[in-house]
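Q: Generate a structure from the sequence data that follows.
(2 chains)
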Amino acid sequence: MPAVGRSVARKDGIGKATGAARYVDDLVFPGMLYGRTLRSTIPRGRVRSVRLDFDPAGFTVVDHRDVPHRNVVALIEDDQPFLVEREVRHLAEPILLLAHPDRERLLAARVEIEYDAEPPLFDPERSDQVFKAISIVKGDGAAALARADLVIEGTYRTGHQEHIYIEPNGVVAVPEDGGVTVHGSIQCPFYVVKAVRCLLGEERPLRVIQTETGGGFGGKEEYPSMLAGHAALLALKSGRPVKMIYDRVEDMVATTKRHPSIVRHRTGVTRDGRLVAMEVEVILDGGAYVTLSPVVLSRGCIHAAGPYRCDHVAIRGRAVFTNTPPNGAFRGFGAPQTEFAVEVHMDRIAEALGMDPVALRRINALRPGDTTATGQTMGADCSAHQVLEEAVRRSEFLRKREAWRGTNRAIGLSLFYHGAGFTGSGERTLKSRARLELTPAGVRIAVGSTEIGQGTRTMHAQIVADALGVPYEDVLVAQPDTARVPDSGPTVASRTCLVVGKLLEECAREMRERLGPLSPAEYHARHGGFTVERMYRPPDWIRWDDETYRGDAYATYAWGCDVAELEVDPDTFEVRPLRLTAVQEFGRAIHPALAEGQIEGGTVQGLGYALLERVVMRDGAMANAQLTNYTIPTTLDTPEIDVVILENPYPGGPFGAKGLGELPMDGPAPAVVNALRHRGFDVREIPATPELLADSAPGP
Amino acid sequence: MKFTLNGVAADVAAHPMSRLLDVLREDLGLTGTKEGCGEGECGACTVLVDGEPVCSCLIPVAQVSGAEILTIEGLRGEHPLQRLFMSEVGAQCGICTPGMILTALSLGPAPSLDEIRTTLAGNLCRCTGYPAIYRAVMKWREEEGRAGGHGGGRQGGAA
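A: Here you go, the predicted model:
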């Protein structure tokens, strides 16, 4: 029986349900110390002096002078130090590291840091320090705007969002063979290798092992490089294993968040509802260092015109510096921000035209043969109309829209898409590799892709089982350990199935050819083991120009339409979601139950983004850095979710699959806000808290 | 400090004000109980104390003197809910799963969806959005119902 398309037993086994699964904080090494980070208490300035106000006997103390090689967290730009030398650019920036065997004494240690403070910059619109600017131009927007029957303008804002993986960031660094081995809660072990190797120098042995990881969502994409570097410095200096686990407050204050955005739209339409010109300006608040902001901006800009056909489009984006902790990767990676803006704007356009939001989308949604803002021609894998029609039908959208008018109930929808894999030339540059090993125990998958809850191990094993023609149960999956697995690229960007899964499919087909008619066990008994390794090559039809941002931005896109039904309390302005319909097309569901879990989980994260999750920044840092006052959806905040999976196989993906992980994050916020508009609230910002609704309530 | 842990008498020499969570994880080596927030908001550290779900990060060990404590290890992998959390994909990353399962054990027989939601409201899950967790719990109660309703209730599955 084929494994693909069935909800087979997960490769995780029972360990997560018995407590046997080993997360980083469960690891104990002999002689282990605990590490602590001393952080800046001002958002901008220079360190004048650091004084230890405790007896340092028994402590390991590390500052920037202990860096053996380069004091930069290597990623895109080499601008962020592991430890402050003089200049402080944001609150909670790491300055000093301490380690001690006793946690109480470690926490009691007092350090006096004096600064020369400078005035900070918090407003991204006033920042002239641009990390990255992007311009996407199609046709002649200005001329087309002048010819439009109607021009609709609007500004849309989204706030920070915290990942709230339930397991905070953590690592243990263990001195080994003159170098260091890092065990940690990590999405991208090879990112950690790159950064820590730069910190320690090439000559030191370095190994990174991913432990069971308690959620990531992008929050363990780039940040663990910093944390692993800190623990490695302490481990090398002390000669002892060092465990560093952030508590929830430190995790929320110091680590990355979703970029806040300001998006301005100016759209020309004809009276009968055709989009004739779109001008979009995107501003992302990058925080104090570049980190991943250029690529977040890139994905945000590419998705900024929404899944619509328009001949004249001009998108200008910039990611800018502010004196706040750097923002970074978070599920969706720029697209939830820009798709929120365009989808709320579309409902305002419909309103201005006196048209229903479905009709406006039916006229403009992309079809095969249409081109996107970057000039990419849509193929048969474009499903915008299919998801729209199914969501409208299934939710009885038009009937409810009419019937609920003037009541406290409301309904709204959003149409969205998400490109799978790295943008443009990204996959070409990554040169991802995957390996399949014929071992005495069975066929083993060796990839750097991490299981962070989404089901990587299981989904990869299903693909290999069917491509190799062996039972799913016989496929083994190696733990991501950089000493043992090849670099398959980061576990991000909805690429783990599409790109790494495809590589594994190719490895399995090659292995099958070598096995001939034999089973893996028979072959191994007669001839011994062998390995097959493949490097990813993007489809040869992909054309992309990094300079002009023209071409095929992604090999394929997944499509979604969300319908939000809700009720607003007329006195308290509390919003109670009643039901969410999520219709999503992502090629092929390798494991339907896991896919459904991605959609349900992503949809609820999107719901939190829409209504609840407000990061309050005060003096440049998160003031509500606790789960007590930064609230994510509980069971009681979460309505029934009706998930519909449509399949439109993409020939370039494994068994027709595209990418799914991020798609569900893009749709809920605009669907919810469009429902609020249906109820009469002119909301253009999230989170749409009761306070915000009170300010945007319809007049008496 | 003396109490019953997973059906066995335990006697630990911890400071009475130590968090129960730390005593379980560090003094007793039972790392199935997880810390998510340290302030009683996320429920990842839930254990049953005399059958009631309690955040073990919030209570000093002195408070459980003489009590019966059930941690995830006490279910020994034999409880149907453990299997169902995996097969229904009620566990994704798994860090909330032990606490979620223990809280679910405090449900009465044949709970409605609303009762399940209310009971689990103190346990945060960031991966699943919860429906798969409801499916696991509902199936467990259905299976039990078919089996004649044994083993349910507050001490369900305890040693």
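Q: Contact partners for residue 40?
A: Unless you meant another one, I'm taking chain A. The contact partners of residue A:40, taken as C-beta atoms under 8 Å, 6 or more residues apart in numbering or on different chains, are A:47, A:84, A:88, A:90-93, A:95, A:113, A:115. C-beta here means a position set from N, CA and C on the backbone, and glycine is covered the same way.
Q: Oops, wrong one, chain B.
A: B:55, B:57-58.
Q: my read: residue A:298 touches residue A:335, true?
A: No. Counting by C-beta atoms under 8 Å, residue A:335 is not a contact partner of residue A:298; they are 10.4 Å apart.
Q: Spell out for me which residue occupies the centre of chain B.
A: residue B:102 (1.9 Å; C-alpha atoms, centre = their mean).
Q: Let me know how buried residue A:363 is, in neighbour terms.
A: When neighbours are defined as other C-beta atoms under 10 Å in any protein chain shown, residue A:363 has 16 of them.
Q: now the one helix or strand in chain A whose mean pLDDT sits lowest: how far from the chain's centre is it?
A: Ranked by mean pLDDT, DSSP states H and E, the weakest helix or strand in chain A is helix A:426-430, scoring a mean of 91. Centroid displacement of helix A:426-430 relative to its chain, using C-alpha atoms, centre = their mean, to the nearest Å, is 18 Å.
Q: hey, C-alpha coordinates of it in PDB?
A: Extracted in PDB, the C-alpha atoms of helix A:426-430 (Å, rounded to 0.1, in the frame of the first residue of the first chain):
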ATOM      1  CA  GLY A 426      17.800  31.400  -3.800                       C
ATOM      2  CA  GLU A 427      17.400  27.700  -4.300                       C
ATOM      3  CA  ARG A 428      20.100  27.800  -7.000                       C
ATOM      4  CA  THR A 429      22.500  29.400  -4.500                       C
ATOM      5  CA  LEU A 430      21.700  27.100  -1.700                       C
END
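Q: Now whatever helix or strand comes next after it - C-alpha only, PDB.
A: Scanning forward in sequence from helix A:426-430 by DSSP states H and E, the next helix or strand is strand A:433-439. In PDB, the C-alpha atoms belonging to strand A:433-439 read as follows (Å, rounded to 0.1, in the frame of the first residue of the first chain):
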ATOM      1  CA  ARG A 433      21.900  18.200  -0.700                       C
ATOM      2  CA  ALA A 434      20.100  15.100   0.600                       C
ATOM      3  CA  ARG A 435      21.400  11.600   1.100                       C
ATOM      4  CA  LEU A 436      19.900   8.100   1.300                       C
ATOM      5  CA  GLU A 437      22.000   5.400   3.000                       C
ATOM      6  CA  LEU A 438      21.600   1.700   2.600                       C
ATOM      7  CA  THR A 439      22.500   0.300   6.100                       C
END
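Q: name the helices or strands packed onto strand A:433-439?
A: strand A:442-446, helix A:502-515, helix A:520-527, strand A:531-535 (3 or more C-beta pairs under 8 Å, 6 or more residues apart in numbering or on different chains; DSSP states H and E).
Q: mind showing which ranges of the chain have poor pLDDT?
A: If you meant another chain, say so; for now it's chain A. A:699-700 (pLDDT under 70).
Q: I was after chain B.
A: In chain B, residues with pLDDT under 70: B:149-159.
Q: And the residue of it that's closest to chain A?
A: residue B:32 (1.7 Å; C-beta to the nearest C-beta).
Q: just checking, that residue touches residue B:98?
A: Yes. Taking contacts as C-beta under 8 Å, residue B:32 lies within contact range of residue B:98: 4.9 Å.
Q: Give me the more crowded residue out of these two.
A: residue B:98 (30 against 25).
Q: Return the distance of the helix or strand harbouring that one from the chain's centre.
A: Taking DSSP H and E as the criterion, residue B:98 maps to helix B:97-104. Computed by C-alpha atoms, centre = their mean, the chain-centroid distance of helix B:97-104 equals 4 Å.
Q: With that, I have no additional questions.
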